[in-house]
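> give the three-dimensional model of this entry:
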Amino acid sequence: MAAPRSAKLIALLCAGVVVTMTGAAFAAVPLYRMFCQVTGFNGTTMKADKAPTETLDREVTIRFDTNVRGLPMVFKAEQVTQRVKIGETGIAYFDVTNTSDKPILARASYNVVPEQTGAYFQKLECFCFDDQTIAAGETRQFPMQYFIAPEMVDDREVAGVNEITLSYTFYPVQDDQGTPNQNASRGGTGAG
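Numbers count the residues shown, from 1 in each chain. Model prediction:
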């Protein structure tokens, strides 16, 4: 009689492990994304509520890289580079054109290189915070307002960095019902 009870306990433990592991697998991506956004890990830029009050005399060149994954669209920065003073608020504009005959639901992911500067590259406003719907044949201009936090000059790992590349990639997302973007294709163009 002890053997069946032991077998049931083992079966319940195994089922519990499977359920826990499945839940962890589904939670891993959102938790990792949240961790990166909070810490700037892996080149993820930070979201800021307000601009710094201090502007330094030192300038940094910001390069903008644009990419498209699996969508019929053209995505490019209006300026390939900008020079901003550390602590100064900069604004960049990006143009997106839907080259298809159907609306596109997409989101832009982003990161910076060198990765260690992610904690100091902070955005006040960005189209990348939300999903974007671009109508068939539509061209839209998206602003991105940012600054480089003055604390960067005190970080020995990145104190001497004079150039930061901000890279965006637009990719298809699912609608509210979980349906994949029906307009996604293997092709897509981006300027980078």
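
> for whichever strand or helix holds residue 111, what does the pLDDT average out to?
Assigned by DSSP states H and E, residue 111 belongs to strand 104-113. Taken as a whole, strand 104-113 has a mean pLDDT of 94.

> what's the first helix or strand after it?
Beyond strand 104-113 in the direction of the C-terminus, DSSP H and E gives the next helix or strand as strand 121-126.

> ok, back up a step: check which residues of the strand holding residue 111 are buried.
Of the residues in strand 104-113, 104-106, 108, 110-113 count as buried by neighbour count, 16 or more other Cβ atoms under 10 Å. From N, CA and C alone the C-beta is placed, and that goes for glycine too.

> residue 67: which of the residues you listed is nearest?
Minimum separation from residue 67 among the buried residues of strand 104-113 (Cβ to Cβ) is found for residue 108, which lies at 9.3 Å.

> go ahead and confirm that closest one touches residue 166.
No: using Cβ atoms under 8 Å as the test, residue 108 is too far from residue 166 to be in contact (10.8 Å).

> buried ones in the helix or strand encompassing residue 94?
Residue 94 belongs to strand 90-98 when elements are defined using DSSP H and E. With burial defined by 16+ other Cβ under 10 Å, the residues of strand 90-98 counted as buried are 90, 92, 94, 96-98.

> pLDDT weak spots in the chain?
Across the chain, the stretches falling below the confidence threshold (pLDDT under 70) are 1-3, 24-46, 175-192.

> again, only this time at 90
For the chain, the stretches flagged by pLDDT under 90 are 1-53, 129, 159, 173-192.

> which stretches of it form strands?
Counting by DSSP state E, the segments of the chain that form strands are 46-47, 59-68, 73-77, 81-85, 90-98, 104-113, 121-126, 132-134, 139-148, 163-172.

> okay if I get the ones you listed as CSV plus distance to residue 157?
What follows is the strands of the chain, written out as CSV (distance: least, Cβ to Cβ, whole Å):
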stretch, distance to residue 157
strand 46-47, 16
strand 59-68, 15
strand 73-77, 27
strand 81-85, 20
strand 90-98, 22
strand 104-113, 14
strand 121-126, 14
strand 132-134, 34
strand 139-148, 15
strand 163-172, 13
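
> picking that back up, for the strand holding residue 94, name the packing helices and strands.
Packing contacts for strand 90-98, counted by 3 or more Cβ pairs under 8 Å, 6 or more residues apart in numbering; DSSP states H and E, involve strand 59-68, strand 73-77, strand 81-85, strand 132-134, strand 139-148.

> the ones you listed: which one's closest to residue 12?
The minimum distance between residue 12 and the helices and strands packed on strand 90-98 falls on strand 132-134, with 46.1 Å, by Cβ to Cβ.
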